[in-house]
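1. here is my input, please return the structure:
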Amino acid sequence: MLLKTNGDIPIDSIKINFDTEGLWILNIALAIIMFGVALSIKIDDFKLLIKKPKILLVGVFSQFFLLPALTFVAILIIKPHPSFALGMMMIAACPGGNISNFFSKMAKGNSALSVSLTAFATVICLLMTPLNLQFYSGLYEPTNEIIKTVQLDPIELFKLVLLILGIPIVLGMLLNHYFEEISRKIEVLLKPFSIIIFLTLIMIAFYDNIDVFLNYIHLVAGLVIFHNIGAYFIGFYTAKIFGLEKRDRKTICIETGIQNGGLGLLLIFQFFDGLGGMALLAAFWSIWDMFSGMVLAAFWGRKSININS
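-> Residues are numbered from 1 along each chain as shown. Sure thing, here's the model as predicted:
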């Protein structure tokens, strides 16, 4: 069964080739990406959420409360290997991925809402990512044992998230606010460049670890696909239950389903010494959710598709 793992395989002895230099490159790449995202964020984006607080509350509830909570429930039922379970908790605790805005526009969703939610989610993740990871990992004994051995410091985790997400976003928003024309010119160059950097890093990491992926990817493929599709369902049907219009449903679905696997992978190498099961799951998530997001956005982007029902 795809959701079960082979107990005979030493999961945490799996080593993904990712040295200190690679970690710094990923740090810088993520900071550049978030700076690029912030160049399109305006104060008015937050005003939009204040004017429509229901949309904001539904989006935050779906991404930062329901997704981590239902991920935890799924772990209790499936009982995956502890480091896979912790990897799922890590992914669920991360904010939305930086490409969610692109997919939302492609899907004919509410682009303004997508940018606004990404902006707000990135700010509150400074608190919610460490909090959710610490809380749910502590509730499940197998993952709690791992947390004890690595001595995860929530303050250090907060500092790292602040460094690679918070500071670039503040700088990007300030540049956009005070020097809008310069900001637009930089954004035109930086957005495609940052995505190319991110994709290149993934391709290099995949090439450097081709044997690991070929030999072990089947252990996490089912979990990641199940988790990702579940996240889409959580986002879409939460928005539907709360009576949001179809454009907003698409956006909240994508914001919930596209998680920042790159951030998760970075935190895993920074605080868990690249723990085999966690790193493998987060690495495959980073690849898979770009594929699934592209397919979903293309499907919804077709004019003939009706999702009112």
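
2. how about residue 244, secondary structure?
-> Three-state assignment for residue 244 (DSSP: H, G, I helix; E, B strand; the rest coil): coil.

3. that one against residue 52, yeah?
-> No - counting by C-beta atoms under 8 Å, residue 244 stays clear of residue 52, with 9.6 Å between them. The way it works is simple: take the backbone N, C-alpha and C, and place the C-beta from them, glycine included.

4. counting neighbours, go ahead and name the busier of these two.
-> Ranked by neighbour count (other C-beta atoms under 10 Å), residue 244 and residue 52 place residue 244 first, with 22 against 15.

5. distance check, the more buried one against residue 222.
-> Distance, residue 244 to residue 222, using C-beta to C-beta, to the nearest Å: 31 Å.

6. what's the pLDDT at residue 304?
-> Note on residue 304: pLDDT of 44.

7. over to residue 153?
-> Listed pLDDT for residue 153 reads 67.

8. buried stuff in stretch 63-73?
-> 63-64, 66-68, 70-72 (16 or more other C-beta atoms under 10 Å).

9. quick check: mean pLDDT across it?
-> In this model, stretch 63-73 has a mean pLDDT of 95.

10. mind listing residues that contact it?
-> With contacts defined as C-beta atoms under 8 Å, 6 or more residues apart in numbering, stretch 63-73 is touched by 88-89, 91-93, 95-96, 121, 124-125, 128, 132, 136, 139-140, 227, 230-231, 234-235, 238, 255-256.

11. repeat the analysis, applying 7 Å as the threshold.
-> Here stretch 63-73 makes contact (C-beta atoms under 7 Å, 6 or more residues apart in numbering) with 88-89, 92-93, 96, 121, 124, 128, 132, 136, 139, 227, 231, 234, 238, 255-256.

12. what's the answer for stretch 223-232, then?
-> 3, 67, 71, 74, 80, 84, 88, 91, 253, 256-257, 259, 281, 284-285, 288-289, 292, 296.

13. buried stuff in the strand or helix carrying residue 225?
-> For residue 225, the element it lies in under DSSP states H and E is helix 218-241. Neighbour-count burial for helix 218-241 flags 219-220, 222-225, 227-228, 230-232, 234-236, 238-240 (criterion: 16+ other C-beta under 10 Å).

14. quick one: average pLDDT of that helix?
-> 94.

15. restricting to C-alpha, output it in PDB.
-> Extracted in PDB, the C-alpha atoms of helix 218-241 (Å, rounded to 0.1, in the frame of the first residue of the first chain):
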ATOM      1  CA  HIS A 218       8.000   5.200  -3.700                       C
ATOM      2  CA  LEU A 219       8.100   5.400   0.100                       C
ATOM      3  CA  VAL A 220       6.700   9.000   0.200                       C
ATOM      4  CA  ALA A 221       4.900   9.400  -3.200                       C
ATOM      5  CA  GLY A 222       1.600   8.100  -1.900                       C
ATOM      6  CA  LEU A 223       1.800  10.200   1.300                       C
ATOM      7  CA  VAL A 224       2.700  13.400  -0.600                       C
ATOM      8  CA  ILE A 225       0.000  13.000  -3.200                       C
ATOM      9  CA  PHE A 226      -2.600  12.100  -0.600                       C
ATOM     10  CA  HIS A 227      -1.600  15.000   1.600                       C
ATOM     11  CA  ASN A 228      -1.500  17.500  -1.300                       C
ATOM     12  CA  ILE A 229      -4.900  16.500  -2.800                       C
ATOM     13  CA  GLY A 230      -6.300  16.500   0.800                       C
ATOM     14  CA  ALA A 231      -5.000  20.100   1.200                       C
ATOM     15  CA  TYR A 232      -6.800  21.200  -2.000                       C
ATOM     16  CA  PHE A 233     -10.000  19.600  -0.800                       C
ATOM     17  CA  ILE A 234      -9.700  21.300   2.600                       C
ATOM     18  CA  GLY A 235      -9.200  24.700   1.000                       C
ATOM     19  CA  PHE A 236     -12.000  24.400  -1.600                       C
ATOM     20  CA  TYR A 237     -14.700  22.900   0.500                       C
ATOM     21  CA  THR A 238     -13.900  25.200   3.500                       C
ATOM     22  CA  ALA A 239     -14.500  28.200   1.200                       C
ATOM     23  CA  LYS A 240     -17.600  26.500  -0.200                       C
ATOM     24  CA  ILE A 241     -19.100  25.800   3.200                       C
END
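
16. what's the following helix or strand after that helix?
-> Assigned by DSSP H and E, the successor of helix 218-241 is helix 246-257.

17. which strands or helices does that next one pack on?
-> Helices and strands touching helix 246-257, by 3 or more C-beta pairs under 7 Å, 6 or more residues apart in numbering; DSSP states H and E, are helix 53-60, helix 100-106, helix 111-139, helix 218-241, helix 276-301.

18. now residue 171, nearest residue through space, not along the chain?
-> Excluding its sequence neighbours, the residue lying closest to residue 171 (C-beta to C-beta, 6 or more residues apart in numbering) is residue 35, at 6.2 Å.
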